[in-house]
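Asker: Provide a 3D model corresponding to the input given below.
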Amino acid sequence: MIQLSEVITQLKSRNAKRVAVQLPEGLKRKAAEISATLKNEGFEVLISGDACWGACDLSLDALEWADVLVHVGHTPVTTEKNVIYLPFQQDIPLEILESAVPQLRQYTSVGITTTIQHAHQTKAICKWLKDHGVNAVIGTGSSRTPLEGQVLGCTYASAKNAKAEAYLFIGTGVFHAIGVSLATKKPTFALDPFADGILQEVSADRLLRKRFAQIEKAKSAKTFGILLSSKSGQGRRELAERLAGLHENAVIILIREISEMQLRNLGFDAYVNTACPRLALDDQSRFPMPVLSPSEFEIVLGKRSWDEYAIDEILP
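Answerer: Residues are numbered from 1 along each chain as shown. Sure thing, here's the model as predicted:
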């Protein structure tokens, strides 16, 4: 559900004339509809056609043409001038939670987590579960995840702040649920609201085995490229500089889009990712060489043990 009325009010209050609109991949087909609505209100419209993976990936260059950038789909992760955020909301029927009740009742408390689409429903979800015998709790987020219970692939603050005995992630796929599991080290369940409410307990074991293999492979690397993102909400310069100082043949690489071809052409034996944490965890199969997280690089160099493995998060 995309409601433009509040955005239009904000645009008019700013006396904006030219508006750039940026949408993530899953919402790009709404571009023509949004453009038509804004044009009917008297605005000139530019659509950003580049790939967009979140609010960390703003098309700030579009502001050279426009007075305001309207970013659709997410809440802000950084403070930017002349950017209006329009989160995407998608209601789920609370009845789908019924299948989760028997398994969740065994825990003294269950932390509720979800992504931006459903975060507006976390209070209603908690109430429904409590009415059915589950002690559901919600954790406060961070500046990157301002909504209660909201998680990102780079931030699990709301899960950790819930301090629950177990966790329920509501959303598609299991990536975020595995992230919650790694961040909290507690039993974690995933419920897909679009798959008949099927509940599954997730395990990070398979992912960790794959990461261990990449760590072992990287131990023979002679050169390391430290990937530093130039995107608005992904650049962790201090971290990149610290990591580069850990190895004599580590070099910082400023980069916007990370692809197999780019990493092949750069020619390093292994890379350390300080951009979007999902690149190392979710996209390793795309890369023929190890792409490590910061903690994995420290394990390779003997700066921390495997038992001290930690999921990479972008902290405020």
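Asker: drop to CA atoms for contacts and neighbour counts, all remaining ones
Answerer: OK.
Asker: Any idea how many residues pack against residue 288?
Answerer: Residue 288: 12 surrounding residues under other C-alpha atoms under 10 Å.
Asker: in what helix or strand does it lie?
Answerer: Under the criterion DSSP states H and E, no helix or strand holds residue 288.
Asker: Residue 93 versus that one, what's the distance?
Answerer: 42 Å (C-alpha to C-alpha, to the nearest Å).
Asker: pLDDT of stretch 164-177, averaged?
Answerer: Across stretch 164-177, pLDDT averages out at 95.
Asker: To clarify, my last question referred to stretch 229-242.
Answerer: 96.
Asker: Just the residues contacting that stretch, thanks.
Answerer: Contact with stretch 229-242 is made by 55-58, 60, 77-78, 226-228, 252, 254-256, 274-276, 314, as judged by C-alpha atoms under 8 Å, 6 or more residues apart in numbering.
Asker: which of these count as buried?
Answerer: Neighbour-count burial (16 or more other C-alpha atoms under 10 Å) is assigned, among the contacts of stretch 229-242, to 55-58, 60, 77, 226-228, 252, 254, 256, 274-276, 314.
Asker: Count residues in the vicinity of residue 195, would you?
Answerer: 11.
Asker: So what does it look like in phi/psi?
Answerer: phi -130, psi 50 (degrees, to the nearest 10).
Asker: Per-residue pLDDT of it, please?
Answerer: Residue 195 is given a pLDDT of 82.
Asker: for the one 5 residues further on, same thing?
Answerer: On pLDDT, residue 200 comes in at 94.
Asker: Then it would be within a helix, right?
Answerer: No. Assessed by DSSP: H, G, I helix; E, B strand; the rest coil, residue 200 does not belong to a helix; its assignment is strand.
Asker: Check which element follows the helix or strand of the chain with the lowest mean pLDDT along the chain.
Answerer: Lowest on mean pLDDT, DSSP states H and E among the helices and strands of the chain sits helix 278-282, with a mean of 87. Following helix 278-282 in sequence order, the next helix or strand is strand 291-292 (DSSP H and E).
Asker: which other helices and strands contact the helix or strand following that following strand?
Answerer: Later in the chain than strand 291-292, the nearest helix or strand by DSSP H and E is helix 294-300. Counting contacts by 3 or more C-alpha pairs under 8 Å, 6 or more residues apart in numbering; DSSP states H and E, helix 294-300 is packed against helix 205-218, strand 270-273.
Asker: Mean confidence (pLDDT) on helix 294-300, please.
Answerer: 98.
Asker: quick one: contacts of that helix?
Answerer: Counting by C-alpha under 8 Å, 6+ apart, 215-216, 218-219, 243, 272-274, 304-306, 309-312 sit against helix 294-300.
Asker: 7 Å instead?
Answerer: With C-alpha atoms under 7 Å, 6 or more residues apart in numbering as the test, helix 294-300 has contacts from 215, 218-219, 272-274, 304-306, 309-310, 312.
Asker: Make TSV out of the residues you listed and add pLDDT and distance to residue 260.
Answerer: Converted to TSV, the contacts of helix 294-300 look like this (pLDDT from 0 to 100; distance: C-alpha to C-alpha, whole Å):
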residue	pLDDT	distance to residue 260
215	97	19
218	98	17
219	98	21
272	98	14
273	97	13
274	98	16
304	97	28
305	97	29
306	96	27
309	95	26
310	93	25
312	96	21
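Asker: Please, where are all the helices along this structure?
Answerer: With DSSP state H as the criterion, the chain has helices at 5-13, 31-40, 101-104, 122-131, 157-162, 175-184, 205-218, 237-244, 260-266, 278-282, 294-300.
Asker: how about the nearest residue to residue 224, chain neighbours excluded?
Answerer: Spatial nearest neighbour of residue 224, chain neighbours left out: residue 250 (4.6 Å); criterion: C-alpha to C-alpha, 6 or more residues apart in numbering.
Asker: Can you get me a residue count around the one you found?
Answerer: The burial count for residue 250: 20, using other C-alpha under 10 Å.
Asker: thinking it is in contact with residue 227, fair?
Answerer: No. Counting by C-alpha atoms under 7 Å, residue 227 is not a contact partner of residue 250; they are 10.3 Å apart.
Asker: Could you measure from residue 276 over to residue 297?
Answerer: From residue 276 to residue 297 the distance is 16 Å (C-alpha to C-alpha).
Asker: And residue 207, by the same measure?
Answerer: 16 Å.
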